[in-house]
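A.B. asks: missing the sequence, but the structure's below:
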């Protein structure tokens, strides 16, 4: 990247003498004098990564932004597709969302669906400080996360993230979780990596609500009291539609 056009969100533009293109599957291909000629005495392996026209298949997925900069989103093998075949890189979007100080964790959905949706866990300290500055009282994580003002705040943060994404990959619907993802609930690992398959199964009804046009979804939260008793808190949370008016507050949770 030249000093006059440095962009931390991209790789930059291809340098003279190097050709770069993105194939229909979203994989980045490179051709030029700096590309290696092949693996030593491994012709079969070479043919797997360098095609007859000299294009090196990098194994990375990416796209060119409107300014001609190359953006790498993930390894191609980890990229899914929307219902229309558009490449979809969930980890890339999730990482961009977490650049916001107000977002602790995020998981996005879209593979084989018509558009992208997200479940967001707010950062209690950052959002709590913001709420105090706004004179917004709250009693708990659940209470704070479900306030319309907080939903609007996070909606603006998602819009900022969307501005750097291809139109088809932009988040269209979201909700704020009533609790953080918890390793004790098997939702994340001890190193805070999302257990994507488990979350998808656990929150299946929420995902269905995203895509059937519902205005809210029911979340069930397991809690363990100090005396060992367990209970389930159920709350209805509002699903936000970006670009539309903020919905009304969710109903209060009830013990089951």
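C.D. replies: Thanks, I have it. Computed from a predicted model, the values in this text were never measured in an experiment.
A.B. asks: who are the neighbours in contact with residue 23?
C.D. replies: Residues near residue 23 by C-beta atoms under 8 Å, 6 or more residues apart in numbering: residue 29. To be clear about C-beta, it is placed using only N, CA and C from the backbone, and glycine gets the same treatment.
A.B. asks: For residue 6, see how far away it is.
C.D. replies: Distance from residue 23 to residue 6, counting by C-beta to C-beta, to the nearest Å: 27 Å.
A.B. asks: now swap in residue 28 and tell me
C.D. replies: Distance, residue 28 to residue 6, by C-beta to C-beta: 20 Å.
A.B. asks: Which one of the two is surrounded by more residues?
C.D. replies: Between residue 28 and residue 6, residue 28 has the larger neighbour count (other C-beta atoms under 10 Å), namely 24 against 9.
A.B. asks: is it true that the more buried one touches residue 60?
C.D. replies: Yes. Contact criterion C-beta atoms under 8 Å: residue 28 and residue 60 qualify, at 4.8 Å.
A.B. asks: which neighbours do these two share?
C.D. replies: What both residue 28 and residue 60 touch, as defined by C-beta under 8 Å, 6+ apart, is the set residue 72.
A.B. asks: Pick out the residue nearest the middle of the protein.
C.D. replies: The chain has residue 94 as the residue nearest its centroid, 2.8 Å off, counting by C-alpha atoms, centre = their mean.
A.B. asks: give me every residue that touches that one.
C.D. replies: Going by C-beta under 8 Å, 6+ apart, residue 94 touches 106, 107, 108, 194.
A.B. asks: State the three-state secondary structure for it.
C.D. replies: Classification of residue 94 using DSSP: H, G, I helix; E, B strand; the rest coil returns helix.
A.B. asks: Next one: it from residue 49, what distance?
C.D. replies: In terms of C-beta to C-beta, residue 94 sits 28 Å off from residue 49.
A.B. asks: Need the contact partners of the host helix or strand of residue 159.
C.D. replies: Take DSSP states H and E as the rule and residue 159 turns out to sit in helix 148-162. Contact partners of helix 148-162, identified using C-beta under 8 Å, 6+ apart, comprise 93, 96-97, 99-100, 102-103, 118, 120, 122, 127, 130-131, 134, 136, 144, 170-171, 174, 176, 238, 240, 242, 246-249.
A.B. asks: Kindly report the same for stretch 103-111.
C.D. replies: Identification of contacts with stretch 103-111 by C-beta under 8 Å, 6+ apart yields 80-82, 88, 90, 93-94, 97-98, 116-124, 154, 157, 169, 171, 180-181, 188, 192, 194, 196, 199-200, 207, 210.
A.B. asks: Pull out the buried members of those residues.
C.D. replies: The neighbour-count criterion (16 or more other C-beta atoms under 10 Å) marks 82, 88, 90, 93-94, 97-98, 116-123, 154, 157, 169, 171, 180-181, 188, 194, 196, 199, 207, 210 among those as buried.
A.B. asks: So which of those sit within strands?
C.D. replies: Applying DSSP state E to these, the entries found in strands are 88, 116, 117, 118, 119, 120, 121, 122, 171.
A.B. asks: Just the closest of those to residue 227, please.
C.D. replies: Residue 227 has its nearest neighbour among those in residue 121, at 27.4 Å by C-beta to C-beta.
A.B. asks: Which helix or which strand is home to the nearest residue to the closest one once chain neighbours are set aside?
C.D. replies: Nearest non-adjacent residue to residue 121, counting by C-beta to C-beta, 6 or more residues apart in numbering: residue 105, 4.2 Å away. Assigned by DSSP H and E, residue 105 falls within strand 103-109.
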